[in-house]
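**Student:** sharing a sequence plus its predicted fold:
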2 protein chains.
Amino acid sequence: MAAKTNPIPSVWARRRREPEQPALSREAIVREAIAMLDADGVEALSMRKLGARLNAGATSLYRHVATKDELIELAVDEVFGEIPVPDPGASDWRADVTSTCEAFRDTTLRHRWLGSVIGQAGLVYLGPNLITVSERMAALFSAAGFPEPARAIDTTLSYVLGMGTTEAAFLTTVMRSGQTEAEFIARLMPSAQEAVAGHTFLSDAFADAAANAVNDPAVLRQEKFAYGLNVILDGLALRLPR
Amino acid sequence: MAAKTNPIPSVWARRRREPEQPALSREAIVREAIAMLDADGVEALSMRKLGARLNAGATSLYRHVATKDELIELAVDEVFGEIPVPDPGASDWRADVTSTCEAFRDTTLRHRWLGSVIGQAGLVYLGPNLITVSERMAALFSAAGFPEPARAIDTTLSYVLGMGTTEAAFLTTVMRSGQTEAEFIARLMPSAQEAVAGHTFLSDAFADAAANAVNDPAVLRQEKFAYGLNVILDGLALRLPR
DNA sequence: CTATCGATGCGCACACCGTACGCAGTGCGG
DNA sequence: CCGCACTGCGTACGGTGTGCGCATCGATAG
């Protein structure tokens, strides 16, 4: 009933096929979605904007992806593919597990939306890349002699996820403030000091932190992560047979 | 220009003050928001629905809360108030830390939106309740003799947060399916089996899990949590002086 | 060569969202 | 008694995810 966009269909109005254009594909959509998530966070990803970036309408995406949530699930598993897990080698199992956990942490910091999104979707529907990471970590722990590698995996990955999520959320806040991490911390100091006043133990910890404030904050975070990881690996080592 | 709702202001149309009605207050708003979050998750909380539950218009809430994000921050700190931390006592420090971590886990499971929300907001802006929990945990570790209680806190809480978030996300998925946890797992088995086929180590772990499937899943989750926590406490114990 | 068919892209529409703004009542200090 | 600060709310704006039906395409069957 309503007037169409092209009341008189004309040869000239017909779009031509552009074989150069990679066309819409699930891979391209997921790739571009990750780029948007990395750039502006999870609340900045909308199907309309994503479509626009791909020279497509918003609803065209639904031919390749059932729903926005499914798209995010795909993005999550995609970035898990960035985590390399070494083969169980002649070298120390601790070194191999450590490098894996650090790669995992790097991924949560490179894609700072990961933490919040996993909290919503969970690691329930295991994508192929997460399965691969798990399998290879299981191989690592098994070769080291652990009778229950799944337990070791759950413990280490929970820690890495929790710490990584917290770090990522912090870095997001820093970035939103438009300052460097050091600036942000310096500017936060007074109010933190005030919040902690009257709490004796936290004040002590705060004083220690202030003394360390001359160091690179990224290095301090890395050290904090390594400390906890070593605690866990020590605890696991006690459970090795013999 | 447009006709007003009440073109002729009348005495009879005037609302009367209802002193029984608790009126809108920040506390009431936060309390009701938590109730909605607990009931239907984070994406079901809208200012309009929250207003309706409080017999108020959506925008009335903004007199007491600057923004929806701020409201969520308040809700987060509010539920942290549910975590009791014992005084450092004569008893084992491990028992005290364990009870604290289990209370934290209980909170993440009782309020399953916590994990995803912390991933977005982070623990950056420390509310009073989180500060209290931290202070009391610091007291626990200090009394136990740890020279750097902050490190111990970061390690344990990262683990608890990561594991709790994962569990909560899983339980949310289960609940959405409308099945019990045991039913959900049973129904998931075939596709999980398939996903794991060809991965030798995961297949082993899967077989173990299947053998345990007769037990209460909630108990199995609790045991998994306790295992990792004990690993961490063992690792920390190694760092006690002497 | 033509008719048909499945796959793909897209405009429109719906219901809903957070929240800025300005008006309308209320209770209180002067 | 006036005026003012505070609270609630109706309206409106610019977004959101996505269901629906149509237009167009390449491949294949007759």
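**Tutor:** Perfect, I can see it now.
**Student:** after the helix or strand of chain A with the lowest mean pLDDT, heading C-terminal, what element do we hit next?
**Tutor:** Ranked by mean pLDDT, DSSP states H and E, the helix or strand of chain A with the weakest confidence is helix A:114-121, at a mean of 87. Toward the C-terminus, helix A:114-121 is succeeded by helix A:128-144 as the next helix or strand (DSSP states H and E).
**Student:** compute the mean per-residue pLDDT across that next one, please.
**Tutor:** Regarding helix A:128-144, the rounded mean pLDDT is 96.
**Student:** that one packs against which elements?
**Tutor:** helix A:68-80, helix A:93-110, helix A:149-177, helix B:181-196, helix B:200-212 (3 or more CB pairs under 8 Å, 6 or more residues apart in numbering or on different chains; DSSP states H and E). In short, each C-beta sits where N, CA and C put it, glycine included.
**Student:** again, 6 Å this time
**Tutor:** Using 3 or more CB pairs under 6 Å, 6 or more residues apart in numbering or on different chains; DSSP states H and E, the elements in contact with helix A:128-144 are helix A:68-80, helix A:93-110, helix A:149-177, helix B:200-212.
**Student:** just these: most buried one?
**Tutor:** Of all the helices and strands packed on helix A:128-144, helix A:149-177 carries the top mean neighbour count, a mean of 22, counting by mean count of other CB atoms under 10 Å in any protein chain shown.
**Student:** so is that helix next to chain B?
**Tutor:** Yes - Helix A:149-177 comes into contact with chain B (CB under 6 Å from any CB of the partner chain), by way of A:150-151, A:154-155, A:158-159, A:161-163, A:165-166, A:169-170, A:173.
**Student:** from these, which is closest to B:Ile34?
**Tutor:** A:Ala169 (20.4 Å; CB to CB).
**Student:** so A:Arg242 is in which element?
**Tutor:** Following DSSP H and E, one finds A:Arg242 outside all helices and strands.
**Student:** any idea how far it is from chain B?
**Tutor:** 16 Å (CB to the nearest CB, to the nearest Å).
**Student:** and A:Tyr227, by the same measure?
**Tutor:** On the measure of CB to the nearest CB, A:Tyr227 and chain B end up 5 Å apart.
**Student:** pull the number of nearby residues for that residue.
**Tutor:** 15 (other CB atoms under 10 Å in any protein chain shown).
**Student:** tell me who's in contact with it.
**Tutor:** Neighbour list for A:Tyr227: B:Arg151 [criterion: CB atoms under 6 Å, 6 or more residues apart in numbering or on different chains].
**Student:** ok, it to DNA strand C distance?
**Tutor:** 37 Å (CB to the nearest atom of the strand, to the nearest Å).
**Student:** confidence score at that residue?
**Tutor:** In this prediction A:Tyr227 is given a pLDDT of 98.
**Student:** chain center to the helix or strand where it lies, what's the gap?
**Tutor:** Using DSSP H and E, the element containing A:Tyr227 is helix A:217-237. Relative to its parent chain, helix A:217-237 has a centroid offset of 19 Å by CA atoms, centre = their mean, to the nearest Å.
**Student:** and stretch A:166-179, by the same measure?
**Tutor:** 14 Å.
**Student:** could you see whether DNA strand C lies near that stretch?
**Tutor:** No - contact of stretch A:166-179 with DNA strand C (CB under 7 Å from any atom of the strand) is absent, the minimum separation being 14.0 Å.
**Student:** list the contacts for A:Met47?
**Tutor:** A:Ala58, A:Leu61.
**Student:** 8 Å instead, please
**Tutor:** A:Met47 is in contact with A:Ala58, A:Thr59, A:Leu61, A:Tyr62, A:Lys68, counting by CB atoms under 8 Å, 6 or more residues apart in numbering or on different chains.
**Student:** for these, pick the one with the most neighbours.
**Tutor:** Most surrounded of the contacts of A:Met47: other CB under 10 Å gives A:Leu61, at 21 neighbours.
**Student:** what's the first-to-last distance across stretch A:107-117?
**Tutor:** 14 Å (CA to CA, to the nearest Å).
**Student:** does it come close to chain B?
**Tutor:** Yes - Stretch A:107-117 reaches chain B (CB under 8 Å from any CB of the partner chain) through A:Gly115, A:Ser116, A:Val117.
**Student:** sorry, back to before: worst average pLDDT in the helices and strands packed on helix A:128-144?
**Tutor:** helix B:200-212 (a mean of 91).
**Student:** can you name every helix or strand that it contacts?
**Tutor:** helix A:128-144, helix A:149-177, helix B:181-196.
**Student:** quick one: closest of these to B:Thr132.
**Tutor:** Using CB to CB, these put helix A:149-177 closest to B:Thr132, at 18.5 Å.
**Student:** could you tell me the angle between that closest one and helix A:93-110?
**Tutor:** With axes from the mean of the first three to the mean of the last three CA atoms, to 10 degrees applied, the angle from helix A:149-177 to helix A:93-110 works out at 30 degrees.
**Student:** off-centre distance for helix A:149-177?
**Tutor:** The answer for helix A:149-177 is 8 Å, by CA atoms, centre = their mean.
**Student:** rebuild the helices and strands packed on helix A:128-144 as TSV, extending it with distance to A:Gly51.
**Tutor:** Below are the helices and strands packed on helix A:128-144 laid out as TSV (distance: least, CB to CB, whole Å):
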stretch	distance to A:Gly51
helix A:68-80	12
helix A:93-110	25
helix A:149-177	25
helix B:200-212	37
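**Student:** can you classify A:Val85 as helix, strand or coil?
**Tutor:** coil (DSSP: H, G, I helix; E, B strand; the rest coil).
**Student:** for burial, what's the neighbour tally of it?
**Tutor:** A:Val85 has 21 neighbours, counted by other CB under 10 Å.
**Student:** phi first, then psi, for it.
**Tutor:** phi -120, psi 120 (degrees, to the nearest 10).
**Student:** just to revisit the earlier point, pull out the buried residues from the helix holding A:Tyr227.
**Tutor:** Across helix A:217-237, burial judged by 16 or more other CB atoms under 10 Å in any protein chain shown covers A:217, A:221, A:224-225, A:228-237.
**Student:** likewise stretch A:134-145?
**Tutor:** Buried, per 16+ other CB under 10 Å, within stretch A:134-145: A:Ser134, A:Glu135, A:Arg136, A:Met137, A:Ala138, A:Ala139, A:Leu140, A:Phe141, A:Ser142, A:Ala144.
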